[in-house]
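S.K.: structure for the following, please:
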Amino acid sequence: MPGWPHPNEAALLDGVELVSTDLFDTLLLRTLRSERARIIAGERRFARKLAEQGLQLAEGALVEARLEAQRLAYRALDMAMQDGEVALRDVIRRQLVMLGLPGPRVETLCETRLAIEFAVEKESLRPNHELAALLRRCRGEGRRVVAISDIGLPTTTLDALVTHLHGPGLLDRIYSSADLGLTKRRGDLFHAVLVAEGIDARQALHVGDDRLADHIVPSELGLRTLHLPRPRLRRRLSRLHGAASELGRLLSRSRARGRMPAEQAKDPQGFGREVLGPIVAEFCLAIWLYADEAGKCGDTALLFCARGGLGIRAAFERLAERLNLPLAVPRENLMVSRLVAARTAIMACSGAALDELGREFPGSSFSDVAATLGGRRYDLPQPWNEPFAPDRFFAMLQRPAGEDILADIERQNTLFRRHLSVASAGARRIVLCDTGLYGSTQRLLAAGLPDLSFETIQLARCNYKGFSEDHFPRVVGLAVERNRYSPFAIRSTVLRYWQLIESLFEPAIPSVRSFKEDENGKVSCNAGDIAFGAVDPSIGNPLLAGALAYIDDVASGAAIMADVARAWPRLRQAVTRPVEADLSALAIGRRSIDFGRPDIVGDAEALSGSALSRLASIRSQLWREGAIARAFPHARLPLLTALEAAYALRGLSAGFRR
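M.R.: Below you'll find the model as predicted:
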């Protein structure tokens, strides 16, 4: 930070009529106490306040809920196609609601928690006297002095903090992104301040520590800037403090897990209730946290993608009713599949469609692909019987022989778009909820319908296809975002046996392949009526039935977080070191591979032949650990240990390469 008074103060302020300053780490300097440490300290005090009112909630549950509510609020905000800010009041409200605190008292408790936040902030800040002296000189010379802050705290709290540290009368006004719904990082908050102050950008000077928000963005808008970055050593020490706080929290969670019994469910429904139930409930809580923030901007719809989305919605609606989770965002089930989405991308001649077709149809002919996309067989010339080559497909469709195929694709796509418009109630921001890993449906729809804003929320995100990750910023893995399983990341267990999650949520109905309309113009699909309540996805699905039974009995989000701390380790044990009961509970049988084809895949009940042939067959199995346990019951433990060690070494080597 430069010495004060500033050596070029006269030149810096020449012609300046408005001086604006950032607050935190600029006018209000933070101590080395990290944000994570401040949150933990605040929730510790809040737990004591709640206990005084007869409300017993563990500090750890409050911390977990606050961090999750905050994390997902910012993820939802990042997806918005407009400016905005996450308000701390909204984060705290969601935290309290998900933990099951009494509805009528939530607003009062919000005020209590905000007061604690204010107290913790006061203890974690110190005044920047040198900058304050400059601002006072500016005011004495007749210049307006304001603060512009990107933070979730309201203006009243910010004003109280400035007054506490610098005394009254330092600033003429404070502009908070939380109150205005605008941010410095996108520039709209600066525009709003200039308009409110009636000042041209060339007459304003902005002071702040953030290179993007306080220097690059305002400079591009024409403001003068004084960039005062935090010393690098202080930033590193603060990060170390945060890491130490997080380590303490994780150790506390680990000790709590160790005290919990690991139930050994002996049947699929029992496993669904005891293990998958808390994981599904936690997933649904995350959907609510995300969707509630996304809905603040309006013009948003939450659509659950057939088929797996139907099971997700069944669980979500039950949990929302059970825990009284309010959600104003319109939501509907969507008749969609990768095949349907691929048609939209084909009509836009998108390379995303070619990626998907190339992966789905290796060794097939052009005519096979045409029959799948068009919904019927065509009388085609010889070139269409050649092996499918994605880079030639669009040119083939444009030839006379492709006219009927393209017309059928366009007809189906038109019907789907009409259905999408009805399901989304015409919203432009569409949040898809799906069971996938890569987000293919979202990638294809975004390519084919660029006038709409698509984003996807799912349990996990993983680039198992090895395709482009350009769309990944708009795909959120609510529990896992990794490209491979790691024994050191317990939630990545689902990547070892993702078909289990798909099977858990998918009802016994066909994938969406084709649409038709009745005499009234209503669009329907081959999968039948998939409206909410029309299909019970738990029929013939004991794992989901068990998970729904857990949700029916759960008391609060706090109970879910306590149970899920036990459930994830139990799922990892069942997937990576299965015993006989796990093999029975987690067997998914044979499954359709989707994309409009009748092909079926699945693990064999038992591998036969010599030991070498059985080992060679393991790689082709959906659940390799389960196949090992079946094929080598006596050598199960050493083989599974070796496999887990191989994953651990791969994870460590990848970390070293980074």
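
S.K.: so what are the domain limits for the chain?
M.R.: The chain breaks down by automatic domain parsing into domains covering 9-31+126-228, 35-123, 260-577, 580-657.

S.K.: show me what residue 477 bridges to in the sheet.
M.R.: residue 458 (DSSP bridges).

S.K.: hmm, residue 295 is touching residue 328, no?
M.R.: Yes: using C-beta atoms under 8 Å, residue 295 is in contact with residue 328, at 5.6 Å. In short, each C-beta sits where N, CA and C put it, glycine included.

S.K.: out of those two, which sits in the more crowded spot?
M.R.: A direct count of neighbours by other C-beta atoms under 10 Å for residue 295 and residue 328 places residue 295 higher, at 20 against 10.

S.K.: ok, the more buried one - contacts?
M.R.: 327-329 (C-beta atoms under 8 Å, 6 or more residues apart in numbering).

S.K.: one more: residue 177?
M.R.: 85, 149-152, 183-184, 189.

S.K.: which one (most neighbours) among these?
M.R.: Ranked by neighbour count under the definition other C-beta under 10 Å, the contacts of residue 177 are headed by residue 149 with 30 neighbours.

S.K.: list the contacts for residue 302?
M.R.: Contacts of residue 302 (C-beta under 8 Å, 6+ apart): 287, 291, 294, 329-332, 431, 433.

S.K.: as a quick check, tell me the outermost residue of the protein.
M.R.: residue 141 (49.4 Å; C-alpha atoms, centre = their mean).

S.K.: for that residue, which non-adjacent residue is closest in space?
M.R.: Spatially, and ignoring its direct neighbours in sequence, residue 141 is nearest to residue 13 (7.9 Å; C-beta to C-beta, 6 or more residues apart in numbering).

S.K.: check residue 356 too.
M.R.: residue 342 (5.5 Å).

S.K.: SS state for the one you found?
M.R.: helix (DSSP: H, G, I helix; E, B strand; the rest coil).

S.K.: give me every residue that touches it.
M.R.: Contacts for residue 342 (C-beta under 8 Å, 6+ apart) come out as 353, 356-357, 373, 444, 595.

S.K.: out of those residues, which is most surrounded?
M.R.: residue 444 leads those on contacts (other C-beta under 10 Å) with 28 neighbours.

S.K.: pretty sure it is touching residue 336, no?
M.R.: No: assessed by C-beta under 8 Å, residue 444 is found out of contact with residue 336, at 9.6 Å.

S.K.: residue 403 - how many residues pack around it?
M.R.: 11.

S.K.: and the gap between it and residue 388?
M.R.: Residue 403 sits 19 Å away from residue 388, going by C-beta to C-beta, to the nearest Å.

S.K.: any idea how far stretch 483-500 is from the chain center?
M.R.: Between the centre of stretch 483-500 and the centre of its chain there are 17 Å (C-alpha atoms, centre = their mean, to the nearest Å).

S.K.: got the buried residues for that stretch?
M.R.: Judged by neighbour count (16 or more other C-beta atoms under 10 Å), stretch 483-500 contains these buried residues: 485-487, 491-498, 500.

S.K.: mind checking which of the residues you listed land in strands?
M.R.: Of the buried residues of stretch 483-500, none are assigned to strands by DSSP state E.

S.K.: ranges for the strands of the stretch 251-400 of the chain?
M.R.: 300-305, 331-334 (DSSP state E, counting those that start in this stretch).

S.K.: pick the most buried one from those.
M.R.: Across the strands of the stretch 251-400 of the chain, averaging neighbours per residue (mean count of other C-beta atoms under 10 Å) puts strand 300-305 on top, at a mean of 26.

S.K.: between the buried residues of stretch 483-500, which is nearest residue 231?
M.R.: Using C-beta to C-beta, residue 486 comes nearest to residue 231 of these, at 34.9 Å.

S.K.: low-confidence ranges in the stretch 251-400 of the chain?
M.R.: Along the stretch 251-400 of the chain, segments meeting pLDDT under 70 span 251-265.

S.K.: all helices in it, in order from the N-terminus.
M.R.: 268-271, 277-294, 308-322, 338-347, 351-360, 366-374, 390-398 (DSSP state H, counting those that start in this stretch).

S.K.: just put the strands of the stretch 251-400 of the chain in JSON lines and tack on distance to residue 159.
M.R.: Formatted as JSON lines, these follow (distance: least, C-beta to C-beta, whole Å):
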{"stretch": "strand 300-305", "distance to residue 159": "32"}
{"stretch": "strand 331-334", "distance to residue 159": "39"}
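
S.K.: nearest to residue 426, out of these?
M.R.: Closest among the strands of the stretch 251-400 of the chain, using C-beta to C-beta: strand 300-305, at 8.5 Å.

S.K.: partner strands of the closest one, with direction?
M.R.: strand 331-334 (parallel), strand 429-433 (parallel).

S.K.: so can I have a markdown table of those showing distance to residue 35?
M.R.: Output for the strands paired with strand 300-305, formatted as a markdown table (distance: least, C-beta to C-beta, whole Å):
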| stretch | distance to residue 35 |
| --- | --- |
| strand 331-334 | 33 |
| strand 429-433 | 27 |
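
S.K.: looking at those, which is nearest to residue 29?
M.R.: The nearest among the strands paired with strand 300-305, by C-beta to C-beta, is strand 429-433 at 38.1 Å.

S.K.: quick check: next helix or strand after that closest one?
M.R.: helix 440-448 (DSSP states H and E).

S.K.: quick one: that following helix to helix 308-322, angle?
M.R.: Helix 440-448 runs at 110 degrees relative to helix 308-322, counting by axes from the mean of the first three to the mean of the last three C-alpha atoms, to 10 degrees.

S.K.: quick check, central residue of the protein?
M.R.: Nearest to the chain centroid, counting by C-alpha atoms, centre = their mean: residue 476, 3.2 Å.

S.K.: apart from its chain neighbours, what residue comes closest to that residue?
M.R.: In space, residue 476 is closest to residue 457, 4.9 Å off (C-beta to C-beta, 6+ apart).

S.K.: the one you found and residue 318: what is the separation?
M.R.: Where residue 318 is concerned, residue 457 sits at a distance of 18 Å (C-beta to C-beta).

S.K.: of all the strands of the stretch 251-400 of the chain, which lies closest to residue 571?
M.R.: Using C-beta to C-beta, the nearest of these to residue 571 is strand 300-305, at 23.3 Å.

S.K.: stretch 627-644: which residues count as buried?
M.R.: Neighbour-count burial for stretch 627-644 [16+ other C-beta under 10 Å]: 627-632, 636, 639-640, 643-644.

S.K.: any regions of the stretch 551-658 of the chain where pLDDT drops low?
M.R.: 590-593, 596-608, 651-658.

S.K.: now residue 26: which helix or strand?
M.R.: Going by DSSP H and E, residue 26 is not part of any helix or strand.

S.K.: residues contacting it?
M.R.: Residue 26 sits next to 128, 131, 207-209, 214, 228 when contact means C-beta under 8 Å, 6+ apart.

S.K.: quick one: residues contacting residue 306.
M.R.: 333-337, 509, 511-512, 527, 530 are the contacts of residue 306 under C-beta under 8 Å, 6+ apart.

S.K.: try it again with 6 Å
M.R.: 335, 512, 530 (C-beta atoms under 6 Å, 6 or more residues apart in numbering).

S.K.: same list, the contacts of residue 177, but as a markdown table with secondary structure please.
M.R.: Below are the contacts of residue 177 laid out as a markdown table (three-state DSSP):
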| residue | secondary structure |
| --- | --- |
| 85 | coil |
| 149 | strand |
| 150 | coil |
| 151 | coil |
| 152 | coil |
| 183 | coil |
| 184 | coil |
| 189 | helix |
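
S.K.: where do the strands sit along the stretch 51-200 of the chain?
M.R.: 125-127, 144-149, 173-176.
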